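Chemist: Got a sequence here, can you model it:
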Amino acid sequence: MGKIYLAISVLAMCLFSFSSCADSYSITGTSLQSMFDSKMAFLEYHKGEKLVKIDSCEIVHGKFSMTGSLDSVMCVMLNMGEASMPVVLEKGNITVSVQNAMMKVEGTPLNEKLYTFLMSRDSLTMQLAELPKREAELILGGMNYDEVSVEMAEDEAELRSALDKLETNFIVDNFDNVLGVTWFLELCNTAYLHFGYPTTTPQIDEIYGRAPESFRNNSSIREYMDSVK
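Modeler: Numbers count the residues shown, from 1 in each chain. Here you go, the predicted structure:
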């Protein structure tokens, strides 16, 4: 799942935590790629301008493991050289697998939710990325340019609508945990990068309008939305 890193890389910039009864985490990782052997694996996040490392270990013969105490559920990044992937640190046995371009985290409820969502999102973004290639193939195959353009525009609109719906439902379904906050701030960051200043989109406004006070009062969300006003 090579596009996961691209989609969620900005989440490493912040730490989002929710109070919980979590007391420890355990991560077991396996990679079939020898390029990772003897490299270090890090759990980390950015706190302001500072990179904070939570845990680390060496990757030996494609395997690594980390355990640690946990006061709250956290969304962090697992970095292994050039590879990076999101991990929800929560109570339980977390399993990480890296096979070619596929990266997946399983074993605990929130990680299962996150990677089911990311796989669906990745599928839609890949289909969007394939549209120009499809357009060129249809035109080279003899189809009328205007007809192809109309067809591609309809396909793009359908895929973008499906993507918006997927993201919106994911956040709404996880208003009460770290996943909802994390992806909502991903949408905010995407809007900021696109326009060059703090702003919202119809999708962000819809989600925020449906959100409970507990969600709106998250310090990171409140800070961003206040900067928009």
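Chemist: worst-scoring helix or strand of the protein, pLDDT-wise?
Modeler: For the chain, using mean pLDDT, DSSP states H and E, the weakest element among its helices and strands is helix 3-8, scoring a mean of 39.
Chemist: so Lys53 touches His46, yeah?
Modeler: No - using Cβ atoms under 8 Å as the test, Lys53 is too far from His46 to be in contact (10.9 Å). In this view, the C-beta of every residue, glycine as well, is placed from N, C-alpha and C.
Chemist: Looking at these two, which is more packed in?
Modeler: In terms of neighbours (other Cβ atoms under 10 Å), His46 is the more surrounded of Lys53 and His46; the figures are 16 against 12.
Chemist: Now do the helices in the protein.
Modeler: Taking DSSP state H, the helices of the chain run over residues 3-8, 109-140, 145-173, 178-195, 202-210, 213-216, 219-228.
Chemist: For the ones you listed, state which one has the densest average packing.
Modeler: The densest packing among the helices of the chain, expressed as mean neighbour count by mean count of other Cβ atoms under 10 Å, is seen in helix 178-195 with a mean of 19.
Chemist: quick one: that helix to chain centroid distance?
Modeler: Using Cα atoms, centre = their mean, to the nearest Å, the mean C-alpha position of helix 178-195 is found 10 Å from that of the whole chain.
Chemist: where does this structure have low pLDDT?
Modeler: Scanning the chain for pLDDT under 70 picks out the ranges 1-22, 48, 101.
Chemist: domains in it, as residue ranges please.
Modeler: 3-105, 115-228 (automatic domain parsing).
Chemist: Help me confirm that Phe215 comes into contact with Val181.
Modeler: Yes - the pair formed by Phe215 and Val181 meets the contact definition of Cβ under 8 Å, at 7.0 Å.
Chemist: list residues touching both of the two?
Modeler: When contacts are counted by Cβ atoms under 8 Å, 6 or more residues apart in numbering, Phe215 and Val181 are jointly contacted by Ile221.
Chemist: Alright, I will stop here.
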